[in-house]
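A.B. asks: What follows is a predicted structure for the sequence shown.
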Amino acid sequence: MNFREIVRNAGIRMLHSGLTVETWGNISVRDPETGLVYLTPSAMPYDLLTNDDIVVMNPDGSVKEGKRKPTVEAAMHLGIYRARPDVNAVIHTHPVESSVFGVLHRPIPPIIDEAAQVLGGEVKVTKYALPGTQELADNVVSTLGSGAACLIANHGAVSVGKDIDLAFRVCEVLEMTAQIYRMALTIGEPSVISQENVAYMKDFMEHHYGQNQK
């Protein structure tokens with residue numbers, strides 16, 4: 001599997017999905033067999049990246065391959081992988097709707113079925129920390145916990161998955177949920193799906209939904 005190609009294509013997809021602007025945001029995937037992490041480089045246009053621009057890092061943070069500087073949020077990506085053996089893809093986006101709640105420091109509750117199924121409950125907001133710092137990385141790891149996504153205060157969002165496609169699904173459902181939540185708040189107080197029903201739908205999505213499931 002060409003992990004460099006996966007990361008490069010994911011950067012283009014993120015940019016053209018409206019999940020970030022310019023060179024902001026970052027992406028990584030982990031090879032579950034070797035533990036190597038493939039990351040986007042720092043401050044380079046996603047449309048112009050080549051496979052050689054992708055940086056390969058060891059789990060301890062040392063660079064194994066690549067001549068570029070890795071994303072300034074490399075510590076965040078590596079911290080998530082250390083804490084979450086179930087995660088093999090991390091996408092840090094700067095999405096407009098989700099960021100509205102990030103600047104309000106207001107969590108996004110599960111108000112639609114898709115959020116219950118994919119996000120698995122409330123999407124929490126980290127404490128504020130400066131970009132590229134170990135403090136921000138630690139805050140994200142702590143706030144994300146066992147969840148699928150979290151908001152970074154005054155900054156953006158982080159979505160994770162067992163592969164890049166599932167991580168993108170989390171990104172897209174999070175942004176859709178944020179938009180619906182913002183719009184619903186202009187009319188009244190949205191009803192939140194109960195934790196019991198969230199747990200049921202998340203289990204259904206993971207183990208029964210789709211052609212290859214029971």
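C.D. replies: It's in. Numbering: from 1, shown residues only.
A.B. asks: Can you get me a residue count around the nearest residue to Ala43 once chain neighbours are set aside?
C.D. replies: Leaving aside its sequence neighbours, Ala43 sits nearest to Thr23 (Cβ to Cβ, 6 or more residues apart in numbering; 4.9 Å). The way it works is simple: take the backbone N, C-alpha and C, and place the C-beta from them, glycine included. Using other Cβ atoms under 10 Å, Thr23 is surrounded by 17 other residues.
A.B. asks: host element of the spatially most central residue of the chain?
C.D. replies: Geometric centre of the chain, nearest residue: Ser159, 1.6 Å, by Cα atoms, centre = their mean. Per DSSP states H and E: Ser159 is located in strand 156-161.
A.B. asks: Please identify the pairing partners of that strand and their relative orientation?
C.D. replies: Paired neighbours of strand 156-161 in the sheet (DSSP bridges): strand 89-93 (antiparallel), strand 149-152 (antiparallel).
A.B. asks: Could you dump those strands into TSV and include mean pLDDT, mean neighbour count and distance to Asp113?
C.D. replies: Output for the strands paired with strand 156-161, formatted as TSV (pLDDT from 0 to 100; neighbours: other Cβ atoms under 10 Å; distance: least, Cβ to Cβ, whole Å):
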stretch	mean pLDDT	mean neighbour count	distance to Asp113
strand 89-93	98	27	22
strand 149-152	98	28	16
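A.B. asks: closest one to Met44 among those strands?
C.D. replies: strand 89-93 (15.0 Å; Cβ to Cβ).
A.B. asks: In the lowest-mean-pLDDT helix or strand in the chain, which residues are buried?
C.D. replies: Least confident helix or strand of the chain, by mean pLDDT, DSSP states H and E, is helix 195-207 with a mean of 82. Residues of helix 195-207 classed as buried: Val198, Met201, Lys202, Met205 (neighbour count, 16 or more other Cβ atoms under 10 Å).
A.B. asks: wait, doesn't the first one sit right on Gly121?
C.D. replies: Yes: the pair Val198 and Gly121 qualifies as a contact (Cβ atoms under 8 Å) at a distance of 5.4 Å.
A.B. asks: what sits in contact with each of those two?
C.D. replies: Contact criterion Cβ atoms under 8 Å, 6 or more residues apart in numbering; residues shared by Val198 and Gly121: Pro110.
A.B. asks: Point out where the protein drops to low pLDDT.
C.D. replies: 207-214 (pLDDT under 70).
A.B. asks: Would you state the helices of it in chain order?
C.D. replies: 3-16, 74-83, 96-104, 113-114, 134-144, 164-185, 195-207 (DSSP state H).
A.B. asks: Most tightly packed of these?
C.D. replies: Highest mean neighbour count of the helices of the chain: helix 74-83, a mean of 21 (counted as mean count of other Cβ atoms under 10 Å).
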